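Student: Need coordinates for the following:
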Amino acid sequence: MNPILILLVIGLPWLGAAIVLLAGDKHEKLQHTLAVLFALAAAVAAVWMLPFVSKDTVFSLDASTVFGQFTFMADGLGVFLTVIATVIGSLAVIFSTSYMKGEKQLGRYYAFVLFFIGAMAGLVLTSNMLLMFFFWEITALCSYALISFNNDDPKAVRGGMKALIITSVGGVGLLLGAMLLYIYNGSLDFNTFLADSSKVPANVLGILAFGFLIAAAAKSAQFPFQTWLPDAMEAPSPISALIHAATMVNAGVYLLARFYPAFADVPGWRDAVMVVGVLSALMAAIMALVSNDLKRVLAYSTVSQLGYMVYAIGTGNILGSQFHLLSHSIFKALLFLGAGAVIHSVGTRDMTLMGGVGKKLPFVKWTFLIGALALSGIPILNGFWSKEMILEGGLTGGSMVYYGVMVFVAGLTALYTLRMVWMVFYGDPRSDYHAYPTELAMKVALAPLALGALVSWLIIGRFSTMLEKSLPYHSLEALGIRGMVHEVVSWPTLIALGVITLGILCWVFREKLTGLKKALNWMRWLAEHSFGFEAINTGVVDGVNASAEGLRVTQTGLLSWNLLAVLGTIIIFFTLFAVGA
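Tutor: Numbers count the residues shown, from 1 in each chain. You can find the predicted model right below:
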């Protein structure tokens with residue numbers, strides 16, 4: 001592969017970020033146009049990489065004797081996540097041209113969006129642990145800036161701060177991993193580590209394995225860090241689609257899948273991964289069932305579906321986890337952008353104030369319905385195939401108890417999804433709202449995602465072959481359409497479809513189940529209070545904020561002295577690092 005493609009897919013969005021800022025907010029149309037052009041150019045470069053997927057390093061940059069080589073590669077795992085980030089990111093940008101029309105500080109918005117897309121591409125394309133940490137932290141910074149974009153809204157600022165602090169826990173684990181790998185491997189290239197992880201002592205390997213699990217759980221909003229993602233809903237809706245479908249939350253799942261060959265035999269690690277996935281999927285599905293905020297329902301759903309992917313990795317089903325990541329990226333981006341179109345039209349996120357929106361926004365209704373069916377796992381949409389692949393893998397790779405819980409969650413998913421669709425699009429209006437027509441740019445962004453939710457499962461053959469040939473340490477086997485159908489169409493799938501049908505019937509006959517609903521009021525109370533984890537996570541955030549306030553006394557307010565302190569610290573750190581090397 002020509003190294004220029006990797007440079008383009010990372011550099012074009014970053015160049016676009018700078019140019020959009022320089023264009024100035026007085027030229028709104030120019031900013032919209034520039035953002036779309038640079039986002040689409042990055043997407044084209046990413047798609048162009050697909051025929052050149054390889055297990056080999058594409059190029060290296062000499063970073064001195066201290067840091068070695070900054071290496072980049074284009075294997076199947078990195079390239080397909082790059083395509084997701086850039087293609088869905090470009091659709092989010094197109095959607096933004098309508099959604100963000102007339103907003104102040106548009107340059108800041110687009111600059112962080114483009115910077116985000118480039119950073120995510122860099123995170124999954126580098127094979128250098130230090131560079132991965134660098135890009136990992138950039139995504140955290142961009143998510144903070146975009147979640148709190150409306151910085152005159154205290155809820156938005158707090159949501160951004162909460163996301164930054166909790167995901168930074170993951171950054172600490174990743175940095176520790178980079179340092180340990182360098183100490184024991186003499187290299188920051190993780191392919192060297194994956195080729196022979198036995199060089200690392202067993203106790204250190206255990207620290208790495210569980211440290212990376214904590215990093216992944218924090219980044220992908222998994223148990224016990226799941227509470228930051230719903231608060232991130234204060235971001236503009238295109239950002240919700242970008243963060244929760246295409247970029248940052250996928251990074252944790254990517255981390256676990258990437259290092260699975262090295263950690264699979266660490267005692268207790270796979271069980272811990274499965275427990276994290278199962279608890280995340282179950283708790284988030286219950287919370288989605290009791291929420292009346294349209295975007296929060298989708299956020300809880302994201303946590304739950306990421307739980308399926310994490311669970312799949314724990315069972316050793318890497319192909320299933322990544323195929324569901326692909327499916328989820330498509331249908332969840334569709335749902336978030338569809339929700340954004342509804343909110344932009346009717347002016348509220350409260351589903352109890354909606355009803356009958358489908359009559360006024362028919363295009364949005366039908367595309368949203370396709371995404372909802374895919375999320376629910378209804379045949380033959382993409383979510384059905386990938387979710388059933390995960391459940392099939394759970395039968396052989398994990399406990400039957402975990403499998404039973406995940407099948408139960410499939411039923412809950414159908415239930416809360418039908419509840420959401422019904423409350424928003426059907427019935428009579430429950431408030432005096434005025435629905436504005438859906439603009440063309442929104443339709444342009446929604447249409448290809450709806451098509452993808454219908455047909456993306458057809459690429460399983462090329463997808464699995466790409467991963468098999470370029471991931472030599474994962475022992476994957478390619479799976480064609482016929483093989484996937486043979487694997488999925490079985491008696492366990494009938495059980496799962498039966499449970500999904502029960503979930504649908506629970507909503508259809510909800511009036512006759514009031515007794516059961518009252519008996520489960522205690523569960524509703526727990527779900528509304530995030531099962532107690534909101535208090536824990538809030539305590540951590542408040543503690544960090546309090547510590548930061550205490551450290552403000554070290555800030556003199558004199559820029560020259562502050563810069564001297566920063567530079568002095570950097571010089572001392574690198575001197576110690578170089579001496580230790």
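Student: going forward, measure contacts and count neighbours with C-alpha atoms only.
Tutor: Noted.
Student: quick one, strands of the protein?
Tutor: Along the chain, counting by DSSP state E, strands occupy 57-62, 69-73.
Student: Comparing those by mean pLDDT, which bottoms out?
Tutor: Lowest mean pLDDT within the strands of the chain: strand 57-62, a mean of 77.
Student: Distance from it to the middle of the chain?
Tutor: Strand 57-62 sits 27 Å away from the centroid of its parent chain (CA atoms, centre = their mean, to the nearest Å).
Student: sorry, back to before: buried deepest among the strands of the chain, which one?
Tutor: Comparing these by mean neighbour count (mean count of other CA atoms under 10 Å), strand 69-73 comes out on top with a mean of 21.
Student: Give me the angle between it and strand 57-62.
Tutor: Between the axes of strand 69-73 and strand 57-62, defined by axes from the mean of the first three to the mean of the last three CA atoms, to 10 degrees, the angle is 160 degrees.
Student: follow-up on the earlier one: now render the strands of the chain as CSV, adding distance to His344.
Tutor: CSV is the format used below for those (distance: least, CA to CA, whole Å):
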stretch, distance to His344
strand 57-62, 44
strand 69-73, 40
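Student: Give me the residue at the spatial middle of the chain.
Tutor: Val249 (2.4 Å; CA atoms, centre = their mean).
Student: Report pLDDT for the nearest residue to that one once chain neighbours are set aside.
Tutor: Excluding its sequence neighbours, the residue lying closest to Val249 (CA to CA, 6 or more residues apart in numbering) is Ser220, at 4.1 Å. With respect to pLDDT, Ser220 scores 90.
Student: For Ser220, list the residues it contacts.
Tutor: Residues near Ser220 by CA atoms under 8 Å, 6 or more residues apart in numbering: Gln226, Met248, Val249, Asn250, Ala251, Gly252, Val253, Val303, Leu306.
Student: Out of the residues you listed, who's the most crowded?
Tutor: Leu306 (30 neighbours; other CA atoms under 10 Å).
Student: mind listing what that one touches?
Tutor: Contacts for Leu306 (CA under 8 Å, 6+ apart) come out as Ser220, Gln222, Val253, Gly277, Ser280, Ala281, Leu325.
Student: Spatially, which two of the residues you listed are the most separated?
Tutor: Ser280 and Leu325 (15.6 Å; CA to CA).
Student: hang on, the earlier thing: any idea which of the contacts of Ser220 the model trusts least?
Tutor: Ranking those by pLDDT, Met248 lands last with 79.
Student: list the contacts for it?
Tutor: Met120, Thr139, Ala140, Ser143, Lys219, Ser220.
Student: What's the separation between Tyr144 and Arg296?
Tutor: 18 Å (CA to CA, to the nearest Å).
Student: Then Leu505?
Tutor: Using CA to CA, we find Leu505 at a distance of 23 Å from Arg296.
Student: What of Phe59?
Tutor: Counting by CA to CA, the gap from Phe59 to Arg296 is 42 Å.
Student: Of Tyr144 and Arg296, which one has the most company?
Tutor: Tyr144 (25 against 21).
Student: Skipping its backbone neighbours, what lies nearest that one in space?
Tutor: Closest to Tyr144 by CA to CA, 6+ apart is Gly160, at 4.3 Å.
Student: okay, now that neighbour: neighbour count?
Tutor: By the criterion of other CA under 10 Å, Gly160 has 29 neighbours.
Student: Might one say that the residue nearest to the centre of the chain is in contact with Gln222?
Tutor: No: counting by CA atoms under 8 Å, Val249 sits too far from Gln222 to count as a contact (9.4 Å).
Student: Let me know the average pLDDT across the longest helix anywhere in the chain.
Tutor: Of all segments of type helix in the chain, defined using DSSP state H, the longest is helix 154-185. For helix 154-185, the mean per-residue pLDDT is 84.
Student: How about stretch 501-521?
Tutor: The pLDDT scores in stretch 501-521 average 81.
Student: I would like the residues contacting that stretch, please.
Tutor: Identification of contacts with stretch 501-521 by CA under 8 Å, 6+ apart yields Gly411, Leu412, Thr413, Ala414, Leu415, Leu418, Arg419.
Student: At which residues are the helices of the stretch 451-581 of the chain located?
Tutor: Assigned by DSSP state H, counting those that start in this stretch, the helices in the stretch 451-581 of the chain fall at 460-470, 481-488, 491-508, 514-519, 521-528, 533-551, 559-580.
Student: and if you look at the stretch 151-300 of the chain?
Tutor: 154-185, 190-195, 202-219, 228-231, 237-241, 248-258, 260-263, 269-290, 294-314.
Student: Dump those helices to CSV, plus distance to Ala111.
Tutor: Formatted as CSV, the helices of the stretch 151-300 of the chain follow (distance: least, CA to CA, whole Å):
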stretch, distance to Ala111
helix 154-185, 17
helix 190-195, 31
helix 202-219, 22
helix 228-231, 22
helix 237-241, 13
helix 248-258, 17
helix 260-263, 34
helix 269-290, 32
helix 294-314, 24
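Student: nearest to Met406, of the ones you listed?
Tutor: helix 269-290 (6.6 Å).
Student: now that closest one, how far from the centre of its chain.
Tutor: 16 Å.
Student: helices or strands next to it in the packing?
Tutor: Contacts defined by 3 or more CA pairs under 8 Å, 6 or more residues apart in numbering; DSSP states H and E place helix 269-290 against helix 202-219, helix 294-314, helix 400-425, helix 521-528.
Student: repeat that with 6 Å
Tutor: Under the contact criterion of 3 or more CA pairs under 6 Å, 6 or more residues apart in numbering; DSSP states H and E, helix 269-290 touches helix 294-314.
Student: how big is the angle separating the helix it packs on from helix 248-258?
Tutor: Using the same axes, to 10 degrees, the direction of helix 294-314 lies 0 degrees away from that of helix 248-258.
Student: Would you mind listing the buried residues in helix 294-314?
Tutor: For helix 294-314, burial by neighbour count (16 or more other CA atoms under 10 Å) applies to 294-314.
Student: Likewise for stretch 197-211?
Tutor: Neighbour-count burial for stretch 197-211, counted by 16+ other CA under 10 Å, picks out Ser197, Val200, Leu205, Gly206, Ile207, Leu208, Ala209, Phe210, Gly211.
Student: Now render those as CSV, adding pLDDT and distance to Glu392.
Tutor: Below are the buried residues of stretch 197-211 laid out as CSV (pLDDT from 0 to 100; distance: CA to CA, whole Å):
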residue, pLDDT, distance to Glu392
Ser197, 84, 29
Val200, 87, 33
Leu205, 91, 30
Gly206, 91, 28
Ile207, 90, 30
Leu208, 90, 29
Ala209, 92, 25
Phe210, 92, 26
Gly211, 90, 28
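Student: of these, closest to Thr97?
Tutor: Proximity of these to Thr97 (CA to CA) peaks at Gly211, which lies at 40.2 Å.
Student: I figured that closest one hits Leu174, correct?
Tutor: No: counting by CA atoms under 6 Å, Gly211 does not reach Leu174; the two are 7.4 Å apart.
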